[in-house]
Every structure is written in C-alpha cells, then in structure tokens.
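> attaching a predicted model along with its sequence, questions to come.
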Amino acid sequence: MTREFPISPAPHIRPVTSVPAVMRTVLVALLPAIAAYVWSFGPGLIMNMVVAALSAYAAESLVLRIRGHDAWRTLSDGSALVTAVLIAFALPPLLPWWVPAIAAVAAIVLGKQLFGGLGYNLFNPAMVGYVIVLLSFPSEMIQWLAPRGAAGDWTHLTLLEHLSYAASGRLPDALTIDGVTQATPLDLVRLGLANMQTVQEIHVGPLFGAYGGTGWQLTTTATALGGALLLVRRVISWHIPLAVCAGVVLPAILFYLIDTSRFPGPGHHLFNGATLLCAFFIATDPVTAAASKRGRLYYGAGIGALTYAIRTWGGYADGVAFAVLLMNTAVPLIDRATRPRIYGRV
Amino acid sequence: MTELALIVVATALVNNFVLVQFLGLCPFLGASRRVEGAVGMGLATGLVLTIASALSYIVDRLILIPLDLAYLQIVAFILVIGGAVQLTELMLRASAPMLHRMLGLYIPLIASNCAVLGVALLNSRQSASFIEAVFFGAGAALGFTLVLVLLSGLRERIDETNVPAPFRGVPITLLLAGLMSLAFYGFNGFARL
C-alpha cells in the first residue's frame, strides 16, 4: 500500500539554499561590477569571461569523464562559472586568449578537481589559477587598458581590434600595446614611491580620482554594492568582509598618520585593486574559509593585513591573491584554535 | 637590531628553506601526517638547526679558515650536525619521552636533513658575525617549523577518499606543497626595507 501523504520529521519549511541557487545569486550580485568594469575598461572582461568559462567547463567535464562521474550534475551547479568569472575579474582586460584559458584550467584541475571536487578543495580555485598565470606571464599581467577618461583609453580600440588581440596576441601595425595600456594606480604608487616621489606628487594626473583610481573607484564601488546584495540575501555573513576591510584599512590609517608622504591613505587601498572583490566575493568562499565565526574574523583580518603588507613592502602591486592562498594554508590551524567548546565538556 | 629582524624574516619567509629553496623535503613530507607530530618534529629540527649553525660557524671561523682547511667544510659540518642531533635526542628522551617515541626514527634522520647542512654551508658564506649566524639558523628553523605545521594541518584536512585514486598519498601532498610554494611567492621582495 502506498502512502498518499508521506510524513517526514521536521523541518517542514526549508530555506531554498542549494549550490546552484547560491551560485546564481553570486553571479547576479556581480552584475553591477561587470557593468562598471566594461564601462571603464572595455569589453575585454566579457571576452576573458567567455574564454575562462569555456575552458573551465571543458576541463571539468574532461576530469569528470576520466573519473567516471556523472558530469552533468557537477557541471550544472554553476561553481565552475563563478570561478571563471572571478578569474576574469582578477585578470587585466586585454589578454591573448591562452592566458584566461590556462588560468581557468589550472584553477579547475589543480585547485579543485584533484582534491575531489567542490567542497574538498583547500585553496581558492580562482586564486590558484590567477597566481599561476601571474607567475607565468608577468609582463602580460601588468598591461591594463587605460580607463575611460585617461589619455589613449580603451575606446581608441575597436571591438574588432580587441578580438584580434585576444585571438593572436598582436595589435594592428599602427598600434603598440604600450600605447593603449597604463599602469594601474597601485603600480603607479609603488613605482613612484620606489623613485623617492611622495604620494602627493604621484596622486596628480588623470589616473587618480576622488578616492580611488579613475575607473577603479567606479568598479570597486559597484563591487561593494553587489556585495551588499549578498549580505542582504544572507548568502554571506558580515564577518569576513568586515575583517578583510579592517585588515587593510587599520594598518593603512596607522601608517598614513605616521607619514602621509610615503604611505597612501585607506581610500587608496580600499578602492583600488581587488580589495573589495576579495572581501565580498573571493575570501567568502565557504569551502576554503575558516568554519567558525571567530575563525572567520581571524581569517579575513589575516587576508587584509597580508594584502596591505605585500602592497606596501612586497614585490607585487596587488597582494590579494597571495594573501588569500597564504591564509588558505592557515585555515586548518585557525579551525583547530577556534573550535567551539562543547558546554560542560572537560 | 632591524638587521637581525630582517635576517629572520628573509630566511623564514622570503627564502624559506623548504618552499623556496627546496631543501629538507624528506622530513617535510615524512613528518607532516599529524599536527602534533609536525610541531614536535619542527621544534626538534629547529633546535638542531640553531645549535648546528652556531657551532658550525665557530668551527668554520676558528678552526677551518685559520688552518686553511675550508675544503673540509662538509665533513666537519656533518660531524657538528651529528653531535647536535645526538644532543637533541638525549634531551628529548629525558624531557619528553612521549614525543621521543612518536618521532622515533625521524630524530636521527634530522642529521641527514639537507636543510641543516644547507644552512651551515650558506652561513659560512653569508653571515658576517656569530650573532648573525645564530639568527640565520633561528630564522631557518622558524620557517621550517612554520611550513611543516601548516602542511600537516592541510594534510589532516584532505579527505583522501575523494582524491582521484592515482593522486592519493604522496602525489596530493606534493601538489599541496607546490600550491603552498605558490602562496609563498607573495613574500617575494620583502625584507629589502
């Protein structure tokens, strides 16, 4: 006899939080940032996203087929798409196609699938892919198209020229890549300080806006807006974003007060580079972050502080990716130290 | 003072002996299965590293160089390291018998840890004073212990049942070590203040 009304134990009203639903929300929350980025730096982002997403899906389905797993179930959860989109966001906007492709394949295979797939990876896949191409293609990775409004900005290139560069890594003869690219604000400040200029001398010029770099302040503000959506929808909790921002801003304020000519202020660090993207979208990856609330505060603060340290004293203009990977290695120990005590247990 | 702090940061993080110079990989892979064992192994190796780099510096500057016997460096340093390991083993057996039993064979193996000999040899080339040599050894010890404990934490976390079969065991550990090495690239350029 079949029961027409199956009875199951409580809860009967469940929140709809499945992996695909969460990934969809994350992608929707990234839309304002995508729009601002394309407005500021051109359509290269979309091209990088398409290449990265196709490569990520190809790599994932290949690995799943070799392992004899049900490929469709994993592919349809959207996590590979989120990884690909985050990689495209971290990369410069105009790149030959093989750079985003290698980053995405490395992220999916080395960062995720070899550990057993989503949920078992110890390092943030997108940051693994990004760091691998950063170390493999150092000169391509500092070529940022000049933002809208700066001299020789991306609007000087047609869509066809964008596409032909992405396909071949070459521009038409009349143009050189140096003519259409600009150092990022983080790069400029780093180089300027190394040449004994003061922050105030560096900060003049069309590449610096009211609080972040031109183009950057719009993109990063839009990123924070999307992050606020994730907070409202309770996809992420406030602990990691707050801790990452505090980890960057507090040392920035401290050193800014010590010497305003040698250390740029907190606005520079918050609204340039990937600080806010990391705070809301990268560090909040639930798989690779610490588990407890207290652990997440330590984890986020560590990422923020390491980012500030690498930008200020290290060899790279932006330290977000390294900071995330370094704190990923520390997560098991953070979890050990912050494991909640069971009440009454001796 | 800042000079000495820089030496420690440079040897512990920037030129980490395991992740950047790839020395001392066998205890790195062999003794990183459990966090407790890794802490003990790290401390024991760290003690040996610091003692051995101090002693080998003295032997180098007071005996080998005045007598023009620098070509005996490797032999002499191995002797010094062997003595330091023996000392550490005796101390551990007396003070922490549990740890001694847990580390077992790995303690004598510290003597063949190439990081220890590497530190002693680099020391005779780089360090300008005895204090610098001691801090160089201490920085190397700190860096070794740090990455050993970090790797052991990650290894405890890996659920081997989900790792593809050909990658279980040593391969996935080597992949972890490689990814940690990537992360440590972030310290590139530090300590040139």
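Cool, the structure landed. Numbering: from 1, shown residues only, chains lettered A, B, ... in the order given.
> around chain B, which positions in the stretch 51-200 of chain A sit nearby?
Within the stretch 51-200 of chain A, the residues that sit near chain B (C-beta under 8 Å from any C-beta of the partner chain) are A:63, A:67, A:110-111, A:113-117, A:120, A:122-123, A:128, A:131-132, A:135. Any C-beta I mention is one placed from the backbone N, CA and C, and that applies to glycine too.
> change it to 6 Å
Applying C-beta under 6 Å from any C-beta of the partner chain, one finds that the stretch 51-200 of chain A approaches chain B through A:67, A:114, A:116, A:120, A:122-123, A:131.
> got a ChimeraX select line for the buried ones in those residues?
The ChimeraX command for the buried members of these (criterion: 16 or more other C-beta atoms under 10 Å in any protein chain shown) is given here:
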select /A:114,116,120,122,123,131
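> closest to A:Ala274 among the residues of the stretch 51-200 of chain A next to chain B?
A:Val131 (12.4 Å; C-beta to C-beta).
> list the buried residues of the helix or strand hosting the closest one.
Using DSSP states H and E, A:Val131 maps to helix A:125-136. Buried residues in helix A:125-136, counted by 16+ other C-beta under 10 Å: A:125-134.
> and which of the residues you listed is nearest to A:Thr307?
Ranked by distance to A:Thr307 (C-beta to C-beta), those are led by A:Met127 at 12.0 Å.
> name the residues that touch stretch A:92-112?
By C-beta atoms under 6 Å, 6 or more residues apart in numbering or on different chains, the surrounding residues in contact with stretch A:92-112 are A:41-42, A:44-45, A:48, A:51-52, A:55-56, A:59-60, A:83-84, A:87, A:91, A:121, A:123, A:125-126, A:128-130, A:132-133, A:137, A:140, A:143-145, A:165-166, A:169.
> got it, and stretch A:151-161?
For stretch A:151-161, contacts defined as C-beta under 6 Å, 6+ apart pick out A:42, A:145-146, A:179-180.
> nearest to A:Ser8, of the buried residues of helix A:125-136?
The closest of these, once distances to A:Ser8 are taken by C-beta to C-beta, is A:Pro125, at 35.5 Å.
> what does the pLDDT read for the closest one?
Listed pLDDT for A:Pro125 reads 95.
> out of everything not next to it in sequence, what's closest to residue 53?
Answering for chain A, as no chain was given. Distances taken as C-beta to C-beta, 6 or more residues apart in numbering or on different chains put A:Ala84 closest to A:Ala53, at 4.1 Å, once the chain neighbours are dropped.
> hmm, I had chain B in mind actually
What sits nearest to B:Ser53 in space, not counting adjacent residues and going by C-beta to C-beta, 6+ apart, is B:Gly137, at 2.9 Å.
> immediately after the helix or strand where the one you found lies, which helix or strand?
B:Gly137 belongs to helix B:130-157 when assigned by DSSP H and E. Where DSSP H and E defines the elements, the next helix or strand beyond helix B:130-157 is helix B:170-184.
> packing partners of that next one?
For helix B:170-184, the packing partners by 3 or more C-beta pairs under 6 Å, 6 or more residues apart in numbering or on different chains; DSSP states H and E come out as helix A:320-337.
> list the buried residues of the helix it packs on.
Neighbour counts using 16+ other C-beta under 10 Å place A:320-335 of helix A:320-337 among the buried residues.
> relative to helix B:170-184, how tilted is that helix?
Helix A:320-337 and helix B:170-184 meet at an angle of 120 degrees, taking axes from the mean of the first three to the mean of the last three C-alpha atoms, to 10 degrees as the criterion.
> quick one: residues in contact with helix A:320-337.
Taking C-beta under 6 Å, 6+ apart as the rule, helix A:320-337 contacts A:123-124, A:127, A:130-131, A:274, A:278, A:282, A:288, A:290-291, A:295, A:298-299, A:302-303, A:306-307, A:310, B:150, B:153-154, B:157, B:180, B:183, B:186.
> give me the buried subset of the residues you listed.
The neighbour count (16+ other C-beta under 10 Å) marks A:123-124, A:127, A:130-131, A:274, A:278, A:282, A:288, A:290-291, A:295, A:298-299, A:302-303, A:306-307, A:310, B:150, B:153-154, B:180, B:183, B:186 as buried among the contacts of helix A:320-337.
> skipping adjacent residues, who's closest to the closest residue to chain B within the stretch 101-250 of chain A in space?
Residue of the stretch 101-250 of chain A nearest chain B, by C-beta to the nearest C-beta: A:Gly116 (2.8 Å). Closest residue to A:Gly116 apart from its sequence neighbours, by C-beta to C-beta, 6+ apart: B:Asn162 at 2.8 Å.
> surely the residue nearest to B:Ser53 meets B:Leu55?
No - using C-beta atoms under 6 Å, B:Gly137 is not in contact with B:Leu55; the gap is 9.7 Å.
> could you pull out the helices for chain B?
Assigned helices in chain B, in chain order: B:2-9, B:25-30, B:35-58, B:73-95, B:97-103, B:106-109, B:114-126, B:130-157, B:170-184 (criterion: DSSP state H).
> can you mark which positions in the second one are buried?
Buried positions in helix B:25-30, judged by neighbour count with 16+ other C-beta under 10 Å: B:25, B:27-29.
> just the closest of the residues you listed to chain A, please.
Closest to chain A, out of all of the buried residues of helix B:25-30 and judged by C-beta to the nearest C-beta, is B:Phe28, at 13.4 Å.
> how many other residues sit next to the closest residue to the closest one other than its chain neighbours?
Spatial nearest neighbour of B:Phe28, excluding adjacent residues (C-beta to C-beta, 6+ apart): B:Val18 at 5.1 Å. For B:Val18, the count of nearby residues is 24 (other C-beta atoms under 10 Å in any protein chain shown).
> and B:Val18, what are its phi and psi?
Recorded main-chain torsions at B:Val18 are phi -80, psi -50, according to degrees, to the nearest 10.
> which residues touch B:Ala12?
Counting by C-beta under 6 Å, 6+ apart, B:Ala12 touches B:139, B:142-143.
> residues near the nearest residue to A:Ala224 once chain neighbours are set aside, how many?
Of all residues not flanking A:Ala224 in the chain, A:Leu276 sits nearest, at 5.0 Å (C-beta to C-beta, 6+ apart). Look at A:Leu276: counted by other C-beta under 10 Å, it has 28 neighbours.
> flag every residue of chain B that's near chain A.
Going by C-beta under 6 Å from any C-beta, the residues of chain B near chain A are B:150, B:153-154, B:157, B:159, B:162-164, B:167, B:179-180, B:182-183, B:186, B:188-190.
> is chain B contacted by stretch A:248-260?
No - if you take C-beta under 6 Å from any C-beta as the test, stretch A:248-260 misses chain B, and the best it gets is 13.2 Å.
> show me how far that stretch is from its chain's centre.
From the chain centre to the centre of stretch A:248-260 is a distance of 24 Å (C-alpha atoms, centre = their mean, to the nearest Å).
> swap in stretch B:91-98?
Put simply, stretch B:91-98 sits 20 Å off its chain's centre (C-alpha atoms, centre = their mean).
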